[in-house]
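[1] 3D, please:
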Amino acid sequence: MADHGDHDRTGAAAGPVVSLWRHADFVRLWSANTVSQLGSRAGAIAVPLVAVTALAATPLEMGLLNAAGTVGALLFGLPAGAWVDRMRRRRVLLTADVARALLLLTIPLGYAAGVLTVWQLLAVALLVSIGTIFFDVAHLAYVPALVERERLIETNAKLQASYSVAVVTGPSLGGLIAGLAGAAATVSVTAVTFLASAGLLRRIRTPDPAPAAASKQGTLADIGEGLRFLLRDPALRAIGFCTGSVNLFMSMVAALLVLFLTRELGLSPLMTGLVAAASGAGGVLAAVTVKKWTRAFGPTRTIVLSLLLTEPLGVLMALSSRGWGVALFVCGWFACGYGGTLYNVVQVSYRQSACPDRLLGRVQAANRFLAFAMAPVGGLLGGALGTWLGVRPTILIGVLGAVASTLWLILSPLRRASDTPSPA
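    Below is the predicted model:
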């Protein structure tokens, strides 16, 4: 690699292992990811705030805005993987960052000119979500080109730690800036973070691997190849279905989270934000401790144990009550964040190791599609059951469903699969 010569690309040792923090290109990638994640999380609250404070958006318009920010994953989740595998992946990251920045800058410019409309917000939210899909897929596919496969767990742990910190601090940062300078100014700051991310990515010196020879088959055939690879591998298939199932049921919980905390537990908006941040705090701790788990149990068993041992603690959320009983909710939500992050770090690393480079984009996209296609369904199901059965029973059903989802892993070959799978 360009910035240190202690290991070659395949991981053959040429000297002592060097800390990733001394790997200049990894530090640039990590910094770009951190800045981009903070911007994304701050922007997630800034754009809706613009709709509410500047445009007096109706509940229907707010619902459309939320949908516009998520529908990109359903429309372009699978094609993005096929297209990413045909392009240089760092170039995709740069393009996505710059495009998202320019799109977001149209909001404060429109606001300043007095021509901003809800329809513009909807268009920007949709296009930014599509850019994020391309960025995320290319990012997952690019990491193995920058570090040795033997260090993927360590690498993904550090990247996931940034994500977890952004989950905790991003919305608070966005709200703070909005309170001081206005929501439109917060959108401008978000755009600047994407440009900063692009600048850091441009400084990476490791050559951006050329894509595999152009496929003679169409996009649909390329998508099918990625899906077949994922679904034919018993371990990868179990991970994909488990992730989709957990997202389905935990989206039921997330849809009712604020309602439960404010109405059932009587928390103020400030306390609601602090309690909701417990999941992100658990994620930070998981990213820090993941190496202890993989050393003790091995990566494949850690994938199984990460959810098996933590998801049952989510039942504490349904048992919580006002006053000191809120601590039960904090513990359960913290455990879910811890287990989910631990699971994500190791299963992403496992898939990156098991997949040949030419298919990385498509396989990662296929897994993301299985995972995120279930989230909107879970949100709608949670709202319907919450209306019919009540908020607390629905949260309990969601948690128990997430626990049952671990059966995909328990019944899979992961318990005895190789901890260092080789690309097919």
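
[2] Poorly predicted segments of the stretch 151-300 of the chain, please.
    Counting by pLDDT under 70, the stretch 151-300 of the chain shows low-confidence ranges at 171-172, 175, 212-218, 269-270, 273.

[3] how about the helices of it, start to end?
    152-181, 183-202, 219-232, 234-259, 269-276, 278-297, 299-308 (DSSP state H, counting those that start in this stretch).

[4] Indicate which one of these is closest to Ser353.
    Nearest to Ser353, of all these, is helix 152-181, at 6.1 Å by C-beta to C-beta. To be clear about C-beta, it is placed using only N, CA and C from the backbone, and glycine gets the same treatment.

[5] Which neighbouring elements make contact with the closest one?
    helix 24-53, helix 118-146, helix 183-202, helix 278-297, helix 326-354 (3 or more C-beta pairs under 8 Å, 6 or more residues apart in numbering; DSSP states H and E).

[6] Throw the helices of the stretch 151-300 of the chain into TSV and include mean neighbour count, thanks.
    Listed next are the helices of the stretch 151-300 of the chain as TSV, based on neighbours: other C-beta atoms under 10 Å:
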stretch	mean neighbour count
helix 152-181	20
helix 183-202	22
helix 219-232	17
helix 234-259	22
helix 269-276	15
helix 278-297	19
helix 299-308	23
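
[7] right, and those helices - which one's nearest Ile107?
    Closest among the helices of the stretch 151-300 of the chain, once you apply C-beta to C-beta, is helix 183-202, at 4.7 Å.

[8] tell me what that closest one is packed against?
    Looks like helix 183-202 contacts helix 24-53, helix 89-113, helix 152-181 (3+ C-beta pairs under 8 Å, 6+ apart).

[9] Could you rerun that using 10 Å?
    Where contact means 3 or more C-beta pairs under 10 Å, 6 or more residues apart in numbering; DSSP states H and E, helix 183-202 is packed against helix 24-53, helix 89-113, helix 118-146, helix 152-181.

[10] Save these as CSV, and put in distance to Ala286 too.
    Below are the helices and strands packed on helix 183-202 laid out as CSV (distance: least, C-beta to C-beta, whole Å):
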stretch, distance to Ala286
helix 24-53, 16
helix 89-113, 25
helix 118-146, 18
helix 152-181, 8
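
[11] and of these, who's closest to Ala196?
    helix 24-53 (5.0 Å).

[12] that older thread, need the helices and strands packed on helix 152-181 in TSV with distance to Leu385, can you?
    Below are the helices and strands packed on helix 152-181 laid out as TSV (distance: least, C-beta to C-beta, whole Å):
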stretch	distance to Leu385
helix 24-53	25
helix 118-146	27
helix 183-202	33
helix 278-297	21
helix 326-354	19
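
[13] And these: which comes nearest Leu236?
    Comparing the helices and strands packed on helix 152-181 by C-beta to C-beta, helix 326-354 comes nearest, at 6.1 Å.

[14] tilt between the closest one and helix 118-146?
    Here the directions of helix 326-354 and helix 118-146 differ by 60 degrees (axes from the mean of the first three to the mean of the last three C-alpha atoms, to 10 degrees).

[15] Now helix 326-354: buried residues?
    For helix 326-354, a neighbour-count test (16 or more other C-beta atoms under 10 Å) marks 326, 328-354 as buried.

[16] Please apply the same query to stretch 393-411.
    394-403, 405-406, 408-409.

[17] how close does the residue most central in space within the chain get to Ser40?
    The centre of the chain sits closest to Tyr163, judged by C-alpha atoms, centre = their mean, with a distance of 7.4 Å. Distance of Tyr163 to Ser40, given as C-beta to C-beta, to the nearest Å: 9 Å.

[18] shared neighbours of these two, which are they?
    Gly170 (C-beta atoms under 10 Å, 6 or more residues apart in numbering).

[19] Out of the helices and strands packed on helix 152-181, the one nearest Asn156 is which?
    Closest to Asn156 of the helices and strands packed on helix 152-181 is helix 326-354 (C-beta to C-beta; 4.8 Å).

[20] What's the mean pLDDT across that closest one?
    For helix 326-354, mean pLDDT is 90.

[21] Relative to the whole chain's centre, how far out is it?
    Remark: helix 326-354 is offset 12 Å from the chain centroid, using C-alpha atoms, centre = their mean, to the nearest Å.

[22] Check stretch 103-113 too.
    27 Å.

[23] Would you mind listing the buried residues in it?
    Under the neighbour-count criterion of 16+ other C-beta under 10 Å, stretch 103-113 has 103-108, 110-111 buried.

[24] Redo the residues you listed as a markdown table? Include distance to Arg322 and pLDDT.
    Converted to a markdown table, the buried residues of stretch 103-113 look like this (distance: C-beta to C-beta, whole Å; pLDDT from 0 to 100):
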| residue | distance to Arg322 | pLDDT |
| --- | --- | --- |
| Leu103 | 43 | 96 |
| Leu104 | 40 | 95 |
| Leu105 | 44 | 95 |
| Thr106 | 45 | 96 |
| Ile107 | 40 | 94 |
| Pro108 | 41 | 93 |
| Gly110 | 44 | 94 |
| Tyr111 | 41 | 92 |
